[in-house]
Structures are given as structure tokens and as C-alpha cells.
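Student: I'd like to go over a predicted model; first the sequence, then the structure.
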Amino acid sequence: MRVLLVGGGGREHALAEAIATSPALSMLWCAPGNAGIADIAATVPIAADDVTGLVAFAREHAVDLVVVGPEAPLVAGLADACTAAGIACFGPSAAAAQLEGSKAFTKTICAEADVPTAAAATFDDAASALAHVRAVGAPIVVKADGLAAGKGVVVAATLSEAEAAIVAMMTDRAHGTAGARVVIEECLVGEEVSFFALCDGERAIPFGAAQDHKRVGEGDTGPNTGGMGAYSPPAMFTPALEDEVMSRIVRPTLAAMAARGTPFRGVLFCGLMLTADGPKLIEFNVRFGDPECQALMLRAEGDVLAALDACAQGRLDTASVQMRAEASVVIVMAARGYPGAYAKGSVIGGLDDAAAMPGARVFHAGTKRVDDSIVADGGRVLGIAARGATVAEARAAAYAAVDRVAWPEGFCRRDIAARA
Ligand code: AMP
Ligand code: GLY
């Protein structure tokens, strides 16, 4: 198979490594990739959201399967454009990607399919939204309807925070048109877990769970980030809970999407809150999590490429991938200042030493090669990962590798997976 992988972060480096081990692979390209991906795939300077450019490349190079990492190209119709060109694509159509692209749409599907989720109401004007939060009171959650790079959610502890969030999103358009509509919902309490299911439009198979660490600071303090580290499996997500999520959330959602004529193919990422009343859906994403994907790929056993292709072809019944019993941990190293302003271009040393540590893997995220050096080229720059018999062993191995990285301009959280 000739495969084009789309994206250039740590998630895509982990996907590239998994795909590269498949006996079915003949050629792997990655657009745009990063310095780590360039060691195992041919990188192509096409942006991940350049739908026209990606499809033209795939045609020209007789690509058999396009594997899409990030959500933006999916919401923009990359899978539809591939289908129109006769190329298989791992990732949903634009219509099915609305499960991530519109929080109001997801609430509609949840109501149709009786999926357990936070009670919510949708508003198109600030006056009605303000009246609603004043009537309901805090704590309450205010969400921009559209894609806002992970910054469109405010968990308001007080009424004035909720009011300020509504004004920022709807009146001041802090997230552009994504905030023209808001979803206001009940504040759920519990442990958060990310669960992943591979889907072929009709069928779904579980593909593991992970726990992310979204805040930048130790002890879950400071601003939200894309994720500072993850581990898998989270012990609180028992096999019984997985069965419940498959039967109450994943399968009913697939059925509702198929019934609308917009079947979901790809990976359905269920952001869950494990509440006292059982698991409830916080949000769907239509892609792998980053950095959750790095932790999952270390645990995946079997031919991942064949499984992704089976999703794209609508024949998931032929796939055989599962998660090994071992645990994995990934620690994100970010440029100082992230998630605020940060500098690019600092030189990173020690990567070979880190990769040589027992059980360790180095995933590149925002890196590029300049002459003989690897330099920082983004906010989240590296994911240092390891597998172990237990989460504690994987964690120790991952931090031992982190300590080999010589990069004074970077930082990481020291408490990833500590709660596990
Ligand atoms: P989202 O972008 O929807 O994942 O939201 C970002 C974060 O906000 C989630 O990871 C949760 O920590 C939090 N959050 C979102 N919705 C709720 C809710 N209804 N109740 C409590 N916390 C929430
Ligand atoms: N790490 C969370 C996400 O990928 O959305």
C-alpha cells in the first residue's frame, strides 16, 4: 500500500511509526511531517489543511490510502475530496466530522441516540444566553459551538465568569465565527478519560483509553494546553465501563449517523466524564488525541495500517488489532512560554541518548532539522514515551529518558501519570 499521512505533530509521528511496521506498506509519505517523521517517511511540504494540494499529490503518486491526523482538514472536507478522487481515506466526511466541528450538532445526535451527556441548551444570541446562565446559576460550562483550537470551553465557577465568557465569545468574537453560537451546559464532576473506537460506518471496535493532562502546570494548575502528557490504560476505566461506553455511546452514535446518511468512518474519540451516575459524554473528536495517540500506539498490537484501511473500506470485521496489557506513558516537552508566546529555533540535544534508554521512544512534534541539528519549531516540541509492565514502570522509564534530553529552553510537567 502507498500511504499518505496528513499532519506534522507527535500524533502523526506515532502513527507513522505504527504504519511503518506494517508488512502491507510499500511507500509512506507525510505532509507536512516533522524532523522525526522524516526519518521514517518521505515528507512533503504541503500544509495539513491544503485539501486541494493533498488530493492532487495523492492522485499524482497513486496513493491507496490517506490517513488524516488532525481535525481541521476533515471538517474542511478532505475525506470527501479523496472519495471523489477514488482514494480511500481514514477519517470521516465533512458531514460526519460535525461531531467535532459543532458542539450543538453533537448535542442533537446525543438527544436522537439517547447518549448520556451533560444537559445543555444552544443559543444564537448573547441576550438569551445571558438570561439562561442568570436563571440557572454557576457552576456552568460555556462552549463555543465551532472549532476553537481547544480554547473554546470555559468551565465557569461563578456567574460573572459565565457572563464574561458569553460576551467574549458572542459579542467580542474571541474565537471568530466559532463563537457565534454557544452551547451552555451542566457542569459534570468526576474523572476524565479519553476513549477511542475505530469505526467503519457501521461497526466499531474499542481501541483503548488514556488519560490526558490538559493544564500546563503541575497539580493541574495554569492555563489549558493541547495536552502535556498521557498514560494508558487508566485503571478506573474498567472493562465493564468500556462495554457500557461502546453500547450506550459509540454504537448508538454510529447508528444515528448512518441513519442520517452520513456514516462515521475513522476514529471516534469520546471525551468522557466518569460521574457518580455513570460515564457521560463531554465531547466527541473525530481523530486521535495528541498526545493520547502516542500512548495508544505503544500499546497497539497487530497491523495498525490494516485496521485503518479496514475502517476506510467499511470492512472492520476483517481487522485484528488490540491493546497489549502493558502500560504506556508519554511526557510532552514544550518550549518555555507555551501555551502563551514562545521562541522557536533553540537546539535540542540528547535525543539519541533518550531514545536509547530501555523501553523509551522519542516522538517529535514541533521540530525541524537545520543542518545537523534538531531545533524547536513549535509549542509542544517532543513527546518522550515508554512502555512498562505497569503505569509506574512506564512512567519511571519515560522520565529517565526525559532526563537525557539536553534542552534548557524546554520544560515538562513532572507529575504526568502520578495520580495513576
Ligand atoms: P472540551 O474541549 O469539550 O474537551 O472541553 C475542555 C475541557 O473542559 C474538558 O476536558 C473538561 O475538563 C472541561 N469540560 C467540558 N465540558 C464540561 C462539563 N460539562 N462539565 C465539566 N467539565 C467540562
Ligand atoms: N489531547 C487532547 C486532544 O487531542 O484533543
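Tutor: Right, received. Where do you want to start? Quantities reported herein were computed from a predicted structural model and do not represent experimental measurements. Numbers count the residues shown, from 1 in each chain. Ligands and ions are numbered 1, 2, ... in the order given.
Student: residues touching Leu254, list them.
Tutor: The contact partners of Leu254, taken as CB atoms under 8 Å, 6 or more residues apart in numbering, are Cys199, Gly201, Glu202, Arg203, Ala204, Pro263, Phe264, Leu268. Where you see a C-beta, it was placed from the backbone N, CA and C, and this is true even at glycine.
Student: Could you list every helix and strand in contact with whichever strand or helix holds Phe57?
Tutor: Using DSSP states H and E, Phe57 maps to helix 51-60. With contacts defined as 3 or more CB pairs under 8 Å, 6 or more residues apart in numbering; DSSP states H and E, the packing partners of helix 51-60 are strand 2-7, strand 27-32, helix 78-84.
Student: returning to what we had before: which of the contacts of Leu254 lies closest to Ala319?
Tutor: Arg203 (9.2 Å; CB to CB).
Student: got the angle for the helix holding Phe57 vs strand 2-7?
Tutor: 160 degrees (axes from the mean of the first three to the mean of the last three CA atoms, to 10 degrees).
Student: got the buried residues for helix 51-60?
Tutor: Neighbour counts over helix 51-60 (16 or more other CB atoms under 10 Å) mark Val51, Leu54, Val55, Phe57, Ala58 as buried.
Student: Hmm, the third one is touching Cys89, no?
Tutor: If I follow you right, that is Val55. No. Here Val55 lies out of contact with Cys89, judged by CB atoms under 8 Å, at a distance of 9.7 Å.
Student: Spit out the residues that contact the two alike.
Tutor: Shared contacts of Val55 and Cys89, counting by CB under 8 Å, 6+ apart, come down to Leu78, Cys82.
Student: Including pLDDT and distance to ligand 1, could the buried residues of helix 51-60 go into a markdown table?
Tutor: Below are those laid out as a markdown table (pLDDT from 0 to 100; distance: CB to the nearest ligand atom, whole Å):
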| residue | pLDDT | distance to ligand 1 |
| --- | --- | --- |
| Val51 | 98 | 24 |
| Leu54 | 98 | 26 |
| Val55 | 98 | 29 |
| Phe57 | 98 | 31 |
| Ala58 | 98 | 30 |
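Student: Kindly indicate which of those lies nearest Phe411.
Tutor: The nearest one, if we look at these relative to Phe411 and count by CB to CB, is Leu54, at 33.6 Å.
Student: So for whichever strand or helix holds Asp353, mean pLDDT?
Tutor: Element membership of Asp353, judged by DSSP H and E, is helix 351-356. Averaged across helix 351-356, pLDDT comes to 96.
Student: Kindly report the same for stretch 252-270.
Tutor: The model assigns stretch 252-270 a mean pLDDT of 98.
Student: Pick out the residue closest to the middle of this structure.
Tutor: The chain has Gly289 as the residue nearest its centroid, 1.8 Å off, counting by CA atoms, centre = their mean.
Student: so what's that residue scoring on pLDDT?
Tutor: 97.
Student: For it, list the residues it contacts.
Tutor: So Gly289 contacts Arg11, Ser194, Phe196, Ala210, Asp212, Gly227, Ala230, Phe269 (CB under 8 Å, 6+ apart).
Student: In contact with Leu198, which residues?
Tutor: Ala204, Ile205, Phe207, Gly266, Val267, Ala307, Leu308, Cys311, Leu316, Ala319, Val321.
Student: And what about it, helix, strand or coil?
Tutor: What DSSP: H, G, I helix; E, B strand; the rest coil gives for Leu198 is strand.
Student: Any idea how many residues pack against Met273?
Tutor: 20 (other CB atoms under 10 Å).
Student: Ramachandran angles for it?
Tutor: Phi and psi for Met273, reported as degrees, to the nearest 10, are phi -110, psi 120.
Student: pLDDT wise, what is the nearest residue to it once chain neighbours are set aside at?
Tutor: Distances taken as CB to CB, 6 or more residues apart in numbering put Leu188 closest to Met273, at 4.2 Å, once the chain neighbours are dropped. At Leu188, the pLDDT value in this model is 96.
Student: Give the helix, strand or coil label for Leu188.
Tutor: At Leu188 the chain is in coil, as set by three-state DSSP.
Student: Next, the contact list for it, please.
Tutor: Here Leu188 is in contact with Ala118, Met273, Thr275, Lys280, Ile282 (CB under 8 Å, 6+ apart).
Student: what secondary structure does Ile416 sit in?
Tutor: Ile416 - assigned by three-state DSSP - is coil.
Student: Contact residues of the stretch 201-350 of the chain facing ligand 2?
Tutor: Asp212, Gly226, Gly227, Asn285, Gly289, Asp290, Glu292 (CB under 6 Å from any ligand atom).
Student: coming back round to it: quick check: what element follows the helix holding Asp353 along the chain?
Tutor: Immediately after helix 351-356, counting by DSSP H and E, sits strand 360-364.
Student: so how many other residues sit close to Asp372?
Tutor: Neighbours of Asp372 (other CB under 10 Å): 6.
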